[in-house]
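K.L.:
structure for this input, please:
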Amino acid sequence: RQRMLATYLLCRPNLSSSTMLSLVALCLLASLKGSRGIPQDVYKLEVYAGFEFGPTSIEFLDDNRFLVSYQPGRIHIVNFTSRGTNDSEIYMDLRPLVDNEGDKGLLDVLFDKNFAQNGFFYVYYTRSITAGPGSALANSSRVSRFAHLENEGGVTSRGDLTSETVIWQDPEGYPDIPGGLHWHYGTQMNWGPDDRMYFGQGDKMFASEGSQDINSYAGCMIRINKDGTFPADNPGVLQGGAPGCWNLIGLRSPYRSTWDLETDRLIIGDVGGNDLATAREEITVYHPDDGFVNLGWPNCQGFDCPAGEPGDYLPPVKAWDHNNNQAAVIGGMVYHGTHFPAEYQNAYFHGDYGLQFINYMTFDSTGRTMTQDSVFDGQPGQLTFIETGPRGDIWTGLVDGRILRYFYQNDPYGSEGQFADLPRDKYFLLEGTMTFSAAQQACQAQGAYLVIPSDEGEQTIVDQVIYEQITGRMFLAFGGVVDQWESYWIGLQRDGSPSIRDGWRWLDDTSYVADDTPWQATEPNGLGQGCAWSGYTGHGMYDDTYCDGVRRVVCERDVTTTPEPTTTTTSIPEATVTMIAFPEAFLNFVFTIKVNGVTQTYPHVVTAPEGTVVEVEAEQEQCVELAKYRFIGWDYGGPDRLEFPITSNWTLLRARYEPINLYDRDCLPFVLV
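P.N.:
Model (predicted):
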């Protein structure tokens, strides 16, 4: 999803000869990478840091107060202001009752349709070994109703844990496999056009055949009355099967779905399989007129049914490949707000947790055929939900705990822009283009030498200053939230390139659109591609052989640098996470993992201040003794390279492997001839 936009040379004032010589080995071309940006006049700001893993849902009490649930089992209540000075408290803590192994946990919250009058809300969660209340089952997924206590308002409101009434529970419980392999329980509760509750359940990972069996709750869309009874016209009731099963079976992992009540459509995002070469993510549109349908799993993925289409098969309206990457569709919502312009009206917003994008798609007059699919954000982070806010802006959750929102032109919460504080006199462009060696000489002639930026923050500062010089435009930062980000220089993309969509815009109100900027190699400014360096993979020799072609050259003046951001010393508790290979029997073998780019062996223990983010990368294939093993996923979720927050809520990170070949020739200590 990313493409190279430009390459240029960085120059820095000379130091001592010995220091210079030690740094010459680091001389290289720095690449400005970009990804598909957000549309013009759309901006993104952070709302709430969260400091917990995996926000799973959001419900708005009013314009400023919202509840956000987190997978480990807590619900936060937040009083939001546009300046980022958010008050928050723990609204309800179900952690002692929640089993969050695999992708189980506290997975959704839904207000009653008459919440303003009765104060009821519903929670979908996976119960631990603690049974109750009453005769309710342990070790089973369930929907429970709770009562809201307003108290003194603001963040003093609470959910009454003692008010739990179980509305529905899965009598099948969990499969008899290790808890770390318990996947595909996630769901989203919705009120349908008949005022009944709808939610889907996945195949529970090891019960794929159940998705084709209406006698099982695995892989079906469930429909219940508010009191937990089953509508008499449910196919599960009529056929003597699982009574909650409604008109859709053949689901794999319908993590997010939504009823668009204005068009009477149920839109489902169903997560694809684990074989990265063949897996497909799916979006399916269902209308009640379709009757009883089969979405195909495990016989079909995307538009492919190798064993033939099952009866009543309903194909998706959109599907996409993993292309040997981790991927997981995040179903969103149909936009009917008033804040965004007509282009976005009635569009379905959706994304991907692993491939990291948000798109919006439009339909023909039938609402069943996609007419256009457009990028909304090409690098939104690891998504967990997408929802419309009370003022028509668009809110998202990220797996690291943060809540973000998007707005169009003017912030409906009133935040205002300020000029960004950049070291505009520090960097400058040389005239013309030159080769790598010529650039070295040109910088040395001015008492400078080539060196990589010290970190991604500095890389981004350079990018922005030079872009301002080329375009004559200046950065405008939005309010308190971006001020908070400035303690890390700027909200960065993963590759360190300008993050305009993370809260910045140009003075003349244009946005950073890759196709319109002079960073492209096709533009007549000499900026080209090649000799790319990445903070994650950059290494090796850099000279005219490796860095061929001519580039623009950026020099750094010997002036007082921008002061380091001020920091406030606070007491941050530490947390410890242990990283292991799974199944645990593999602990007897030597598996390796990269942590912040350094190769380590399992088990590996990291202790750091709460909220510290480390990059962990699992090797796709490993030889252990004579056998070859393949990485199939983290129990935390996400791609093989993962930005993992150190938190006391997630103390064990498992890298799941499976054997490919117990006696693989690639793993032999000798060569077969």
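K.L.:
could you report the pLDDT at residue 655?
P.N.:
Residue 655 is assigned a pLDDT of 82 by the prediction.
K.L.:
list the contacts of it.
P.N.:
Counting by C-beta atoms under 8 Å, 6 or more residues apart in numbering, residue 655 makes contact with 579-582, 591, 593, 602, 618, 631, 634. In this view, the C-beta of every residue, glycine as well, is placed from N, C-alpha and C.
K.L.:
list the buried ones in the helix or strand in which it is found?
P.N.:
Assessed by DSSP states H and E, residue 655 sits inside strand 652-661. Judged by neighbour count (16 or more other C-beta atoms under 10 Å), strand 652-661 contains these buried residues: 653-657.
K.L.:
just the buried residues of the contacts of residue 655.
P.N.:
Judged by neighbour count, with buriedness set by 16+ other C-beta under 10 Å, the buried members of those are 579-582, 591, 593, 602, 618, 631, 634.
K.L.:
now, those residues that are in helices?
P.N.:
Cross-referencing the buried ones among the contacts of residue 655 with the helices (criterion: DSSP state H) gives no overlap at all.
K.L.:
give me the residues contacting stretch 201-213.
P.N.:
Stretch 201-213 is touched from outside by 102, 141, 170, 174-175, 177, 181-187, 216-220, 222, 241, 249-255, 271, 294, 297-299, 310, with contacts defined as C-beta under 8 Å, 6+ apart.
K.L.:
contacts only, for the residue nearest to residue 334 when sequence neighbours are not counted.
P.N.:
Using C-beta to C-beta, 6 or more residues apart in numbering and skipping residues adjacent in sequence, the residue nearest residue 334 is residue 260, 4.2 Å away. Listed by C-beta under 8 Å, 6+ apart, the contact partners of residue 260 are 266-267, 333-334, 348.
K.L.:
run the last query once more with 10 Å
P.N.:
By C-beta atoms under 10 Å, 6 or more residues apart in numbering, the contact set of residue 260 is 190, 193, 266-267, 285, 333-336, 346, 348, 367.
K.L.:
again with residue 103
P.N.:
Contacts for residue 103 were tallied using C-beta under 10 Å, 6+ apart; they are 54, 56, 71, 126, 182-186, 202, 205, 253, 255, 271, 328, 635-637.
K.L.:
as a check, name the ranges of all helices in this protein.
P.N.:
Going by DSSP H, the chain shows helices at 17-24, 115-118, 235-238, 436-445, 456-471, 479-485.
K.L.:
just checking, what packs against the third one?
P.N.:
Helices and strands touching helix 235-238, by 3 or more C-beta pairs under 10 Å, 6 or more residues apart in numbering; DSSP states H and E, are strand 221-224, strand 248-249.
K.L.:
so which bits of that helix are buried?
P.N.:
Under the neighbour-count rule (16+ other C-beta under 10 Å), helix 235-238 has 235-237 buried.
K.L.:
residue 363: which of those residues is nearest?
P.N.:
Ranked by distance to residue 363 (C-beta to C-beta), those are led by residue 235 at 26.7 Å.
K.L.:
what pLDDT does that closest one get?
P.N.:
At residue 235, the predicted lDDT confidence score is 97.
K.L.:
ditto for residue 1
P.N.:
Residue-level pLDDT assigned to residue 1 equals 17.
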